[in-house]
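Undergrad: Quick one: sequence and predicted model below, then my questions.
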Amino acid sequence: MTFAAAVRSAALLALTATACATATSRVELDGITVVTARRHFNNVHAIVAGDRVLLVDAGLQADAPALDRQLRRAGVDLSRLVAIVVTHGHADHAGGAPWFRERYGAPILAGAGDASMLQRGRNGPLCPTDGTARRQLDHHQHARFTGFTADRSIEGSLALGPEFGVPVTGSVTAGHTEGSLVLTSPAAAWVGDLFRGTILGHGAATHFYMCDLADNQRDVDALLAAAPGVTRYFVGHFGPLSRRRVARWAASRSTRDPAPHGRARARRTG
Ligand SMILES: [Zn+2]
């Protein structure tokens, strides 16, 4: 790295560390409120519907108490927590879930395909999609959390409204992990790591780790087509994103050379 590149990189790091590492945001949508607490660049979303609260993801195990304080400071009454949905079994999404379950007595819901990852408390094989991810791979591949069993395993899809009073549906969207879930309400989607936000700005980007980019692209296109009323996408990292930004990114991506997909796939088996 040249000195200029090093300075740019340090400046970007400082900017992102101050602007994005820890933050809280609130979005009102069609009768629900979404409060997002970000810690170490990982998002936890509290969906508030009437007197019910649903958590989407729970951050790193070590961050759970701080995320709890952050959400309560933002006015989320976690004594009303009805469930914790883990979008997938990676440490930065699932690690804190048992802490919230223990504290509030709410069940954990997760995709059936990630059950063994959750029980082991370790991430499955990660396929980096860019240089940043390759540099971080060792750290992320070896992340650990105390293994646990979800109270409910979702196969196919599950409407949470009837049982939990929060009008969202969880659907298994295998790709980033086998049991990855996408949640949708009439106006919003919570996509976990199906894609991410850009580090700066409000765009969408390919997630740092994805083994089959062609399959990922099909899933994103299918989500856009299947839920045309969704205007807001809540992602695991950075965001949230408007439909226009996601659609623009998805369209630009589909015109690119498919060669990187093959390279990503090769790394998985290598
Ligand atoms: Zn992930």
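TA: Thanks, I have the structure now.

Undergrad: In contact with the closest residue to the ion within the stretch 1-150 of the chain, which residues?
TA: Per C-beta to the ion, the residue of the stretch 1-150 of the chain with the smallest distance to the ion is H90, at 3.6 Å. For the C-beta atoms, the positions are set from N, CA and C on the backbone; glycine is no exception. By C-beta atoms under 8 Å, 6 or more residues apart in numbering, the residues touching H90 are M117, N123, A143, T177, D193.

Undergrad: give me that answer again for 10 Å
TA: H90 is in contact with 42, 57, 60, 114, 117-118, 122-124, 126, 140, 143, 145, 176-177, 180, 192-193, 209, 236, counting by C-beta atoms under 10 Å, 6 or more residues apart in numbering.

Undergrad: Return the subset of these lying in strands.
TA: N42, G192 (DSSP state E).

Undergrad: which among the contacts of H90 end up buried?
TA: Burial by neighbour count, 16 or more other C-beta atoms under 10 Å: within the contacts of H90 this picks out 42, 57, 60, 114, 117-118, 122-124, 126, 140, 143, 145, 176-177, 180, 192-193, 209, 236.

Undergrad: about what we covered before: ok, and which of the contacts of H90 reach the ion?
TA: The subset of the contacts of H90 within reach of the ion, counting by C-beta under 5 Å from the ion, consists of D193.

Undergrad: How many residues are close by T33?
TA: Neighbourhood size, T33 [other C-beta atoms under 10 Å]: 16.

Undergrad: The ion contacts on the stretch 151-270 of the chain?
TA: So the stretch 151-270 of the chain meets the ion at D193 (C-beta under 5 Å from the ion).
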